[in-house]
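[1] Need a 3D model of the sequence below.
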Amino acid sequence: MKTVGLGLTSTALFTGAVGAASAKSDEFTHELNEVRAATRKYRDVATARADGYDTVVSPYVPNMGFHFVNPLLIAADASTPVDLSEPPILVYYTNGNYNPGPGDVHDPAHDKDLRLGGVEYAHGEAGVAGNIFSDESASRTLKVSEEAGWGPIPGMPAMALHVWVHRGNPAGVFHPTNPTID
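    Okay, here's the model as predicted:
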């Protein structure tokens, strides 16, 4: 569990024979794997609800799904430290047995028909992107950088970053929408 400031570049400590450049390049992949492992338990919506991700559930958003929010985990601003293993928002898509339309409210009777697609980090500072991942030093080329992935939350003075760690996204891990989700 690594805690980082939203406005600061995170740097992990690496030891051993691995060179500094190689270790830094692998840091981003390590961070994504950390998020994926820490949130895997939320494939079960009941577990997510028990851990506080039921205070706010967004209406259905095409190419995203439903957003289950734990408001206690939303950072106050871009400089507030964030624990990568505790994203404030979980993004669920449907398995095909449940077909909500745009703007439909989630029916809890269909929790079993939801699949965890990604997570979202958020802070309450409009117009300011954060920096919580080491993508700027990644060895791979990203379709969307973390900085470009941050965007406003409609109707709120806040910013958010989608991270598609459970469902691949051909548009990019930080792209706000995922074309593989209806």
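
[2] Mind checking what secondary structure residue 91 has?
    With DSSP: H, G, I helix; E, B strand; the rest coil as the basis, residue 91 sits in strand.

[3] Spatially, what comes nearest to it if we skip its sequence neighbours?
    residue 118 (4.5 Å; Cβ to Cβ, 6 or more residues apart in numbering). From N, CA and C alone the C-beta is placed, and that goes for glycine too.

[4] Likewise for residue 123?
    With Cβ to Cβ, 6+ apart, the residue lying closest to residue 123 is residue 75, at 3.9 Å.

[5] Look up how far residue 124 lies from the one you found.
    7 Å (Cβ to Cβ, to the nearest Å).

[6] Could you check which of those two is surrounded by more residues?
    Taking neighbours as other Cβ atoms under 10 Å, residue 75 and residue 124 compare with residue 75 leading, 22 against 16.

[7] from memory that one sits against residue 82, does it?
    Yes - counting by Cβ atoms under 8 Å, residue 82 is a contact partner of residue 75 at 5.5 Å.

[8] tell me the mean pLDDT for the lengthiest strand in the chain?
    For the chain, the strand with the greatest residue count under DSSP state E is strand 114-123. Average pLDDT, strand 114-123: 97.

[9] Give me the helices and strands touching the helix ranked longest in the chain, please.
    The helix spanning the most residues in the chain, taking DSSP state H as the definition, is helix 20-39. Other elements packing on helix 20-39 under the criterion 3 or more Cβ pairs under 8 Å, 6 or more residues apart in numbering; DSSP states H and E are strand 114-123.
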